[in-house]
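Q: the following comprises the amino acid sequence and a computationally predicted model.
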Protein chains: 2
Amino acid sequence: MLTFSDAEHQLKAISEETRLRIVSYLTIDTLCVCELVELLQMSQPSISQHLKRLKQSEIILEERRGKWVFYSINKEHQLYTLLLHLVDMLPSPKEDINSLASGGKRILCE
Amino acid sequence: MLTFSDAEHQLKAISEETRLRIVSYLTIDTLCVCELVELLQMSQPSISQHLKRLKQSEIILEERRGKWVFYSINKEHQLYTLLLHLVDMLPSPKEDINSLASGGKRILCE
DNA sequence: TCATTATATAAACAATTGCTTATATAAACA
DNA sequence: TGTTTATATAAGCAATTGTTTATATAATGA
């Protein structure tokens, strides 16, 4: 169960094109900030601010690994299933992530 | 299929507490503006502007009957199923509508 | 036709948003 | 320790949002 106010804040967190794209990417794989900057072709501060918003709503999770900070979808989030249905209605982000890999820009730090 | 931009605009239309309440009410029944004013205890211009926004997003439909303008959920809307799932997570609006009826404030113009 | 009721629209305003530029912090490495 | 790389944060600013008050429009009925 959600209050109307909670629902408003959660929905606002995803009601923005860049944040929708981020959520869409993260349903495919965990990504770090610099990968998202590359994918979205936007400034790093702008991306970081969107990530902060999504993190505060607990829609995504943060994890530092060395120099990098990785973000992933929070599968425990109350709206996770709804989010998946929504992402299904959007253009697939898979090609973008694949071309990131073929461009040699994936970060692999294990 | 939706573009990211479309998704942004559709989501923004419902990412507001008053509009979420309106949508929630309209999943139960068709209502006119004055009924929504009574239910939501907000000014008529404010309600009308929220209704306009929802109508422009085609989430709700408008129909004039005499003096009154009635609004209903658009079951053909691309996000209708998603909306129903969302509304299911919110407090039930049924009691509110019932007390409107018992308060003698339902508009019945057929 | 005039008054009333229901609704829409417009103008004004404070609050929020999302960007930019500049700077701070944090980890890695020479 | 100093430098580089990755990321976060802060300040400034234009655009959008949601309210209020005031006014316009639309239908009804005396």
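A: Yep, that arrived.
Q: buried set for the helix-or-strand element of chain A with minimal mean pLDDT?
A: In chain A, the helix or strand scored least confidently by mean pLDDT, DSSP states H and E is helix A:94-102, which has a mean of 93. Neighbour-count burial for helix A:94-102, counted by 16 or more other CB atoms under 10 Å in any protein chain shown, picks out A:Asp96, A:Ile97, A:Leu100. All C-beta atoms are positioned from the backbone trio N, CA, C, and that covers glycine.
Q: check the offset of that helix from the chain's centre.
A: With CA atoms, centre = their mean, to the nearest Å as the basis, helix A:94-102 stands 15 Å off its chain's centre.
Q: which residues of chain A fall in strands?
A: A:31-32, A:60-65, A:68-73 (DSSP state E).
Q: do you know which of the ones you listed lies nearest DNA strand C?
A: Across these, DNA strand C has its closest neighbour in strand A:60-65 (6.2 Å, CB to the nearest atom of the strand).
Q: residue numbers of chain A in contact with DNA strand D?
A: Taking CB under 7 Å from any atom of the strand, the part of chain A that reaches DNA strand D is made up of A:32-34, A:37, A:44-45, A:48-49, A:51-52, A:62, A:67-70.
Q: one more pass at 10 Å, please.
A: Within chain A, the positions near DNA strand D by CB under 10 Å from any atom of the strand are A:8, A:12, A:15, A:31-38, A:43-52, A:55-56, A:62-71, A:105, A:107, A:109.
Q: quick one on the thing from earlier: other SSEs contacting the least confident helix or strand of chain A?
A: Contacts defined by 3 or more CB pairs under 8 Å, 6 or more residues apart in numbering or on different chains; DSSP states H and E place helix A:94-102 against helix A:17-28, helix A:33-40.
Q: want to throw those helices into CSV with mean neighbour count, distance to A:Pro91 and mean pLDDT?
A: Written out in CSV, the entries for the helices and strands packed on helix A:94-102 read as follows (neighbours: other CB atoms under 10 Å in any protein chain shown; distance: least, CB to CB, whole Å; pLDDT from 0 to 100):
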stretch, mean neighbour count, distance to A:Pro91, mean pLDDT
helix A:17-28, 21, 8, 98
helix A:33-40, 18, 13, 97
